[in-house]
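*Asks:* quick one, fold the following:
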Amino acid sequence: MTIEIRPANGSAFAREIIGAQLWRDLDAAEFEAIQAAWADAGVLVFRRQALSEAELVAFSARFGKPEVIHRTDWLSAEHPEIAFLSNLRDNDGNTIGRTGTDDLEWHTDQSYVQNPATGAVLYGVEIPNDGGGSTWWANMRMAYAALPAAIKSAIEGRRAIFDYTRRLAGYDKGSQKVTEEMRRKTPPITHAIVNTHPVTGAKALYLDPETTVGIEGMPQDEATDLLETLRTLATRPEFVYKHKWHVGDAVMWDNGVMLHRRDRYASTQRRFHKRTTIFLPADRHIVPRGRPYAA
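*Replies:* Residues are numbered from 1 along each chain as shown. Below is the predicted model of the structure:
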């Protein structure tokens, strides 16, 4: 095995994998080391990669089943497992992938579905040269461990209510109109606030400040205060890793134990990422299982 694993930019949890060439088949020892590091760290960084779309999908598939993206305006023409995140336009002036240059607030992907694809790999193709567009991750396992005993007791066994229409309403500074069809297609669901990792045995929070609207069986004002307390505690600096992107970076993370957000960047700057999402095995990762919510 030729790879080395070390803290990413001094992070308390994120790890940089040195010497891994993701465009080739990793040998068994390398893959097992990366898989174990991901279960422990939640965020892995690979620098100086040169990946075709087929190679990005193949690497992702080593960890679980890549999700097929159904938003045709976001995805690769040849590989429907890859979504484009970009502010670029094609020769006809059409947007390429999901657009947006403003801040994205703390969230976790797919928290609003019952069976989310919690793994993600993001590959940087074009990066703003003014330093904008950095991505931040917050470790929900470390956050849970640091909670006061009274808060741990208050959330143990509780389920939070996740409503996608709240997130939609916040897109583009509230310009997104939430329709009845959207409400019908993505009704509110619940997820357990505290989950236990099947490999490490450590407990972690599962929340999404952009999507969580309450706690099942708890008065709304009490739930709102508790969720805000959790958000504030969970995103303290000591639980956070900031990633400043370079061309060729690939970062993989586990949405079951992480929140993330993105800094704004100038609309005049070019930014283009390719992303896969992965259905991860429940014997190696926290995989939230949602339930329909009946108010």
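
*Asks:* what residue ranges in the stretch 151-295 of the chain score low on pLDDT?
*Replies:* Applying pLDDT under 70 to the stretch 151-295 of the chain flags residues 169-183.

*Asks:* need the strands for it, in chain order.
*Replies:* Counting by DSSP state E, counting those that start in this stretch, one finds strands in the stretch 151-295 of the chain at the ranges 159-162, 189-192, 194-196, 203-205, 212-215, 240-243, 250-254, 258-262, 272-279, 291-292.

*Asks:* quick one: residues in contact with the fifth one.
*Replies:* With contacts defined as C-beta atoms under 8 Å, 6 or more residues apart in numbering, strand 212-215 is touched by 111, 155, 158-163, 166, 188, 193, 220, 222-224, 226-227. (C-beta placed from N, C-alpha, C; glycine too.)

*Asks:* ditto for the first one
*Replies:* Residues outside strand 159-162 that contact it (C-beta under 8 Å, 6+ apart): 111-112, 188-193, 206-208, 211-216, 227, 290-291, 293.

*Asks:* what subset of the residues you listed is buried?
*Replies:* For the contacts of strand 159-162, a burial check counting by 16 or more other C-beta atoms under 10 Å picks out 111-112, 188-193, 206-208, 211-216, 227, 290, 293.

*Asks:* which one is residue 270 nearest to, not counting chain neighbours?
*Replies:* Once flanking residues are discounted, residue 270 sits nearest to residue 126: 4.7 Å by C-beta to C-beta, 6 or more residues apart in numbering.

*Asks:* now swap in residue 90 and tell me
*Replies:* Nearest to residue 90 is residue 96, by C-beta to C-beta, 6+ apart, at 5.9 Å.

*Asks:* distance-wise, check the one you found relative to residue 70.
*Replies:* To residue 70, residue 96 is 17 Å away according to C-beta to C-beta, to the nearest Å.

*Asks:* likewise residue 268?
*Replies:* With C-beta to C-beta as the criterion, residue 268 and residue 70 are 31 Å apart.

*Asks:* just residue 98 next, same as before
*Replies:* According to C-beta to C-beta, residue 98 and residue 70 sit 13 Å apart.

*Asks:* tell me which element residue 36 falls in.
*Replies:* Secondary structure from DSSP states H and E places residue 36 in helix 28-41.

*Asks:* mind exporting the C-alpha coordinates of that helix to CSV?
*Replies:* C-alpha atoms of helix 28-41 as CSV (Å, rounded to 0.1, in the frame of the first residue of the first chain):
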residue,chain,number,x,y,z
ALA,A,28,-7.5,-4.1,-1.8
ALA,A,29,-5.3,-2.7,0.9
GLU,A,30,-5.6,0.9,-0.4
PHE,A,31,-9.4,0.6,-0.7
GLU,A,32,-9.8,-0.9,2.8
ALA,A,33,-7.7,1.9,4.3
ILE,A,34,-9.7,4.6,2.6
GLN,A,35,-13.0,2.9,3.6
ALA,A,36,-11.9,2.7,7.2
ALA,A,37,-10.7,6.3,7.2
TRP,A,38,-14.0,7.5,5.8
ALA,A,39,-16.0,5.6,8.5
ASP,A,40,-13.8,7.3,11.1
ALA,A,41,-13.4,10.8,9.7
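
*Asks:* elements contacting it?
*Replies:* Here helix 28-41 touches strand 15-18, strand 43-46, going by 3 or more C-beta pairs under 8 Å, 6 or more residues apart in numbering; DSSP states H and E.

*Asks:* that older thread, show me what the residue nearest to residue 270 bridges to in the sheet.
*Replies:* In this entry, residue 126 is beta-bridged to residue 272, by DSSP bridges.

*Asks:* begin at 24 from now on, thanks
*Replies:* Got it, the first residue is 24 from now on, which makes the last one we talked about residue 149.

*Asks:* surely it and residue 111 touch.
*Replies:* Yes. Assessed by C-beta atoms under 8 Å, residue 149 is found in contact with residue 111 at 7.4 Å.
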